[in-house]
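>>> Just to be clear, the model below is a prediction. Sequence and coordinates:
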Amino acid sequence: MAQAPGTLDGAAVAALGGWVRERGIGSAVSDVEPLTGGTQNVVVRLRIDERRVVLRRPPPHPRPNSNRTMQREIAVRQTLAGSAVPHPEFIAGCEDLDVLGVVFYLMEDVDGFNPATELAPAYAADPQMRHRVGLNYAADLARLGAAEWQGRPLQQLHRPGSFLARQVPNFRVLLESYRHEHYRPEVLDVGTLADWLDGHRPPDSEPGIMHGDAHLNNVLLRRHVPEVAAFVDWEMCTIGDPLLDLGWILVCWPDDPDPINAGRELAAAGGLPSRAELITAYDDAGGRPIEHLDWYIAMACFKLAIVIEGTYSRFLAGQAHREAGERLHDSATRLIGLGRRVTTGDNPFV
């Protein structure tokens, strides 16, 4: 079904309204407004009768795994329901492709702000708010890794065998999948870093929930207290080793080096905790032991570089904007270089 980039067209709104009525969720859909769009998944705010909700669906040019990604996110919402982990509450999901042509779901609209694009007045006025919210963010990440998942929908993502041993091969396959007539994966020189990661892999630990893309662009913060209102963008969530999330936030933390410019508006105000303080807050909240932290940081560099390189490949195929593609390719190249530094004992992230 046709859809304008980043939002829902009239036919989609009508189809959604029919589905909402059929499911008994409400009677009318109105006030549709885009929250994000373009190359990533589409998120729109709307009203069902007088209730404000958010709809999430794949991008206008869905990737081959886009519907599976939405199914994964539905399982996340269902698994975390009632937990202490901050997340948008799940309302309903739809896997019937006759409705919008893709899998989609509805969730509660969270009252919070994204620190990549906004800075709430309370944070602008008080550096201690900015400092405390960073520490609370690391603590919430530790709580996510300890959250219950067995016997819940996310259990379907748990695979037997070594999670860590699968990482390098899986992400090299992902990088190769970007290949087309205008893009060669060899331009991102991952071989040396990949070999080190395979050769220095730590033992597997008890599996737990991973967000998979934890950084300050993927949270909403409460406006008046220094707390995370919700982790968002769960498309990379899995059951694996939660220490990879810790490595990920350290790599993406808006401090020198800052390879992806996460949490831009919050970071620009200053006062955020150091990476060392994040590690302490994570540990104090019951996080996993960190004796192999260098490996997890290097792996985060490797994985993040390959993930964001996909936008460059899509740009070269005419499916993403030039600015995003070229900017993320530069970041991916820089991340591989930073990962190599970690392997030599020169860890710029701690």
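That came through, no problem. Bear in mind that the values here come from a model prediction, so they are computed numbers and not experimental data.

>>> Report the contact partners of the closest residue to residue 165 other than its chain neighbours.
Distance criterion Cβ to Cβ, 6 or more residues apart in numbering; nearest residue to residue 165, sequence neighbours excluded, is residue 201 at 6.6 Å. Bear in mind the C-beta positions are built from the backbone N, C-alpha and C, glycine included. If you count contacts by Cβ atoms under 8 Å, 6 or more residues apart in numbering, residue 201 has them with 164, 165, 295.

>>> Report the secondary structure state of the last one.
So the one you mean is residue 295. Following DSSP: H, G, I helix; E, B strand; the rest coil, residue 295 is assigned to helix.

>>> hmm, back to that, got a ChimeraX select line for the buried ones in the contacts of residue 201?
In ChimeraX, a selection of the buried entries from these looks like this (16 or more other Cβ atoms under 10 Å):
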select :164,295
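
>>> Out of the contacts of residue 201, which is nearest to residue 241?
Relative to residue 241, the closest of the contacts of residue 201 is residue 164; by Cβ to Cβ it sits at 6.1 Å.

>>> wouldn't that closest one be in contact with residue 200 here?
No: Residue 164 is not in contact with residue 200 according to Cβ atoms under 8 Å; the separation is 10.7 Å.

>>> Can you give me the pLDDT of residue 233?
Confidence at residue 233, expressed as pLDDT, is 88.

>>> And residue 88, by the same measure?
92.

>>> swap in the one 5 residues further on?
Among the per-residue scores, residue 93 holds a pLDDT of 97.

>>> backbone phi and psi for it, please?
When quoted as degrees, to the nearest 10, the phi and psi of residue 93 stand at phi -130, psi 160.

>>> mind listing what it touches?
70, 71, 74, 103, 104, 105, 106.

>>> where along the stretch 201-350 of the chain do the strands fall?
208-210, 219-221, 228-231, 238-240 (DSSP state E, counting those that start in this stretch).

>>> Turn these into CSV, columns for mean neighbour count and distance to residue 290.
Shown next, in CSV, are the strands of the stretch 201-350 of the chain (neighbours: other Cβ atoms under 10 Å; distance: least, Cβ to Cβ, whole Å):
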stretch, mean neighbour count, distance to residue 290
strand 208-210, 23, 14
strand 219-221, 25, 22
strand 228-231, 20, 21
strand 238-240, 20, 16
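
>>> which one of these lies closest to residue 177?
It is, among those and with distance given as Cβ to Cβ, strand 238-240, at 17.7 Å.

>>> and the gap between the nearest residue to residue 312 once chain neighbours are set aside and residue 323?
Nearest residue to residue 312, sequence neighbours excluded (Cβ to Cβ, 6+ apart): residue 329, at 3.8 Å. Counting by Cβ to Cβ, to the nearest Å, the separation of residue 329 from residue 323 is 11 Å.

>>> the more surrounded of those two?
Neighbour tally, residue 329 and residue 323, criterion other Cβ atoms under 10 Å: the higher count belongs to residue 329, 21 against 9.

>>> Low-confidence stretches in the stretch 201-350 of the chain?
The stretch 201-350 of the chain contains no residues with pLDDT under 70.

>>> For the stretch 201-350 of the chain, which segments are assigned as helices?
With helices called from DSSP state H, counting those that start in this stretch, the stretch 201-350 of the chain shows them at 243-252, 264-269, 275-284, 293-316, 322-343.

>>> Off-centre distance for the fourth one?
Chain-centre distance of helix 293-316: 13 Å, with Cα atoms, centre = their mean, to the nearest Å.

>>> okay, now the nearest residue to residue 322 once chain neighbours are set aside: neighbour count?
Counting by Cβ to Cβ, 6+ apart, residue 322 lies nearest to residue 315, which is 5.9 Å off, once chain neighbours are set aside. Using other Cβ under 10 Å, residue 315 is surrounded by 22 other residues.

>>> got the contact list for residue 315?
321, 322, 324, 325, 326.

>>> quick one: the second one from residue 264, how far?
Right, the one you point to is residue 322. Applying Cβ to Cβ to residue 322 and residue 264 gives a distance of 20 Å.

>>> So for those two, which sits in the more crowded spot?
A count of neighbours by other Cβ under 10 Å puts residue 264 above the other of residue 322 and residue 264, at 18 against 10.

>>> how close does the residue most central in space within the chain sit to residue 307?
Nearest residue to the geometric centre of the chain (Cα atoms, centre = their mean): residue 213, 3.4 Å. Residue 213 sits 8 Å away from residue 307, going by Cβ to Cβ.
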